[in-house]
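Enquirer: this one's structure only:
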């Protein structure tokens, strides 16, 4: 087969025309891309449902293309901070409360007041106001509870525990009767970013504040020693799957291999869907500690580096509307949203564990240390290193926390 | 006239020769230019930037606006106990990886150097660890070391040793990481040493045997001197790779428990991406670079000594 010069020239001209048309600014200008970053996009089932709820914005605004930036949870903070530090990154991001404060401190965020105008935002949005500006709007608040597989508890003849000793006893009974793991939960520095938030339940549960009445950091308190000692007691009781990452533990819970876990409502929704365990077998109760526990809070933020801040504000305003909030409610389980949208009766009927979370949300506390929101992660890394020392028997709770307090006071007070 | 013409021709010819000589002299530079440009852009420039950054208070949040702080980061580094822990872990990890990786790799190469039935299949199996991508292999090992249901604990239980916290106890975390590293490194060493072994002249070994030397003597007096330069080079490579290794350690333990597996590279990640202190992280990187240069220097000194001995 031979080609003459005319055919080749015609071919080249056609390719150039097509390439030119595809890259034409005139065509590209008609559409605006809004990129939203979130680690939840990768969650099994929930991720695609949440995204579908947001994608409805394209129906209202056909000139907008919603684009998701899905980053695994473990590398989410690193990736986002690096991108934003370099003046790049998504238009909007769903971030943990701690990241919101860090980003605000670095000046990465634009105010969202315009988007929230005329919207009756609920209490979960309080921490989104920093320095008098609204920099974050609540995406979801996930409160912690003690969740349990009631079918396993029934086989073991175990009751829902109300303190740490009865938790250990019930977990051991469950393991003996069914072979299931007694208590799931993060327990190593390998998962620090989530472990410190989980651990705040034990700390708050025993009355820890991390700051005194004057707002000064205080680590080595009797309450903190009690909290760490109790966590170490559970750790060494042989009821926890030592070495398992939380993703594995959740999968085990889904597959009816775990009796108890201290989980957020997001985690509860995760374990109750897509596995062997019927959601009706899942129970949720008050944490087995004297005081209320913690909640994780996610915010949606608008990047200062966004090329379409007006469009992004318009999107957030739409997201706060009744229709979008209801769509998010339908896929967010019992998590509290930016506005008060009640959980539907249908959802409660198929997920009887859900109302317990709403009740616990009344008194739960932020995982951030008041007055030290930006530094919380760094402070808690020192605290959790102390906790790890106690878990591994390297030091007593008193010594480890005294060392942590000295280090923290030298670095942060 | 003729003389003049001859002189002219000779002159032209000399000019041509000179020009081609000059061109010929430029050829090596032309060949070197491309890799040099590559190294300049992707290695020396970032390296220079890193060393500069280690003298500033640059933060991840604002990576282009660090202020010069002199040696402050190095002072912070030298007064931080975690630095010494990381340095110690890095040295231990590197030493053990070289000793075990090169040792086992060489033993495997010696075994593979002799013909036996099934050699090809066994060699392929031994190479598996090296061929599998690091991250995939590490995730498989994560499952092998899993506390409640990992294969490693099934074996220790069957042996009556009970369950071991492979990755979550201070005693076992570093040895477990070393086991995975050696599993990955030894096949590469085996491959390189096998090539070196196959270059040892068989007649020299044969002559040694005829002179009454046993297997160990043949190895010590003939084989080892032949393969020593290769062994030295492969040790250097394994050492430098060990100083730089990140993914195996980070995925298996994240540097824990209590920093017992936190090498300099893991500490760099923690400092840069969790504390957001790029300046301090760069100082950690500079120390790592010094360590790698030190290893290269030791290798160079060995090499020079060996060259002197050979020339005598």
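Expert: Nice, I can see it. It should be emphasised that the depicted structure is a prediction, and the values quoted were computed from it without experimental measurement.

Enquirer: Grab the nearest non-local neighbour of residue A:370.
Expert: Once flanking residues are discounted, residue A:370 sits nearest to residue A:211: 6.0 Å by Cβ to Cβ, 6 or more residues apart in numbering or on different chains. Where you see a C-beta, it was placed from the backbone N, CA and C, and this is true even at glycine.

Enquirer: Could you do residue B:174 as well?
Expert: residue B:261 (5.3 Å).

Enquirer: Does the one you found touch residue B:89 like I think?
Expert: Yes. Counting by Cβ atoms under 8 Å, residue B:89 is a contact partner of residue B:261 at 6.2 Å.

Enquirer: Spit out the contact partners of the closest residue to residue A:189 other than its chain neighbours.
Expert: Of all residues beyond its chain neighbours, the one nearest residue A:189 is residue B:256 (4.1 Å), with distances taken as Cβ to Cβ, 6+ apart. When contacts are counted by Cβ atoms under 8 Å, 6 or more residues apart in numbering or on different chains, residue B:256 touches A:188-190, A:388, B:168, B:173, B:262.

Enquirer: now swap in residue A:327 and tell me
Expert: Counting by Cβ under 8 Å, 6+ apart, residue A:327 has contacts A:53, A:56.

Enquirer: Flag every buried residue along stretch B:142-153.
Expert: Within stretch B:142-153, the residues that qualify as buried are B:142, B:144-148, B:150, B:152-153, counting by 16 or more other Cβ atoms under 10 Å in any protein chain shown.

Enquirer: picking that back up, so in terms of bridging, what pairs with the residue nearest to residue A:370?
Expert: Beta-bridge pairing for residue A:211 (DSSP bridges): residue A:217.

Enquirer: separation between it and chain B?
Expert: Residue A:211 is 21 Å from chain B, where distance means Cβ to the nearest Cβ, to the nearest Å.

Enquirer: What is the burial count for that residue?
Expert: Residue A:211 has 15 neighbouring residues, counting by other Cβ atoms under 10 Å in any protein chain shown.

Enquirer: try the one 3 residues further on
Expert: Neighbour count for residue A:214, taken as other Cβ under 10 Å: 7.

Enquirer: Which helix or which strand is home to it?
Expert: Following DSSP states H and E, there is no helix or strand that holds residue A:214.

Enquirer: Would you check how far apart it and chain B are?
Expert: Where chain B is concerned, residue A:214 sits at a distance of 27 Å (Cβ to the nearest Cβ).

Enquirer: From residue B:197, how far off is that residue?
Expert: Using Cβ to Cβ, to the nearest Å, residue A:214 is found at 73 Å from residue B:197.

Enquirer: which SS state does residue A:368 fall under?
Expert: Per DSSP: H, G, I helix; E, B strand; the rest coil, the secondary structure class of residue A:368 is coil.

Enquirer: Contacts only, for the closest residue to it other than its chain neighbours.
Expert: Spatial nearest neighbour of residue A:368, excluding adjacent residues (Cβ to Cβ, 6+ apart): residue A:376 at 4.6 Å. Neighbouring residues of residue A:376 by Cβ under 8 Å, 6+ apart: A:98, A:101, A:367-369.

Enquirer: Tell me the one of those nearest residue B:237?
Expert: Nearest to residue B:237 out of these is residue A:98 (Cβ to Cβ; 41.4 Å).

Enquirer: Check which helix or strand that closest one maps to.
Expert: Judged by DSSP H and E, residue A:98 forms part of helix A:97-105.

Enquirer: Which strands or helices does that helix pack on?
Expert: helix A:73-85, strand A:129-130, strand A:294-302, helix A:376-391 (3 or more Cβ pairs under 8 Å, 6 or more residues apart in numbering or on different chains; DSSP states H and E).

Enquirer: and among those, the most buried is which?
Expert: Comparing those by mean neighbour count (mean count of other Cβ atoms under 10 Å in any protein chain shown), strand A:294-302 ranks first with a mean of 26.

Enquirer: by contact count, what packs against the next helix or strand after that strand?
Expert: Once the chain leaves strand A:294-302, the next helix or strand it forms, by DSSP H and E, is helix A:309-319. Counting contacts by 3+ Cβ pairs under 8 Å, 6+ apart, helix A:309-319 is packed against strand A:32-38, helix A:57-60, strand A:64-70, strand A:92-96, helix A:113-116, strand A:294-302, helix A:322-331.

Enquirer: is it possible to export those to a markdown table including mean pLDDT?
Expert: Listed next are the helices and strands packed on helix A:309-319 as a markdown table, based on pLDDT from 0 to 100:
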| stretch | mean pLDDT |
| --- | --- |
| strand A:32-38 | 97 |
| helix A:57-60 | 95 |
| strand A:64-70 | 96 |
| strand A:92-96 | 97 |
| helix A:113-116 | 95 |
| strand A:294-302 | 96 |
| helix A:322-331 | 93 |
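
Enquirer: Name the nearest residue to residue A:196, sequence neighbours excluded.
Expert: Using Cβ to Cβ, 6+ apart and skipping residues adjacent in sequence, the residue nearest residue A:196 is residue A:380, 4.0 Å away.

Enquirer: quick one: that neighbour and residue A:194 touch, right?
Expert: No. Using Cβ under 8 Å as the test, residue A:380 is too far from residue A:194 to be in contact (11.3 Å).

Enquirer: how many neighbours does the residue in the stretch 151-300 of chain A that chain B sits nearest to have?
Expert: Proximity of the stretch 151-300 of chain A to chain B (Cβ to the nearest Cβ) peaks at residue A:243, 3.4 Å away. By other Cβ under 10 Å, 25 other residues sit near residue A:243.

Enquirer: So it: helix, strand or coil?
Expert: Residue A:243 ends up coil, using three-state DSSP.

Enquirer: so what's residue B:83 closest to, chain neighbours aside?
Expert: residue B:77 (5.0 Å).
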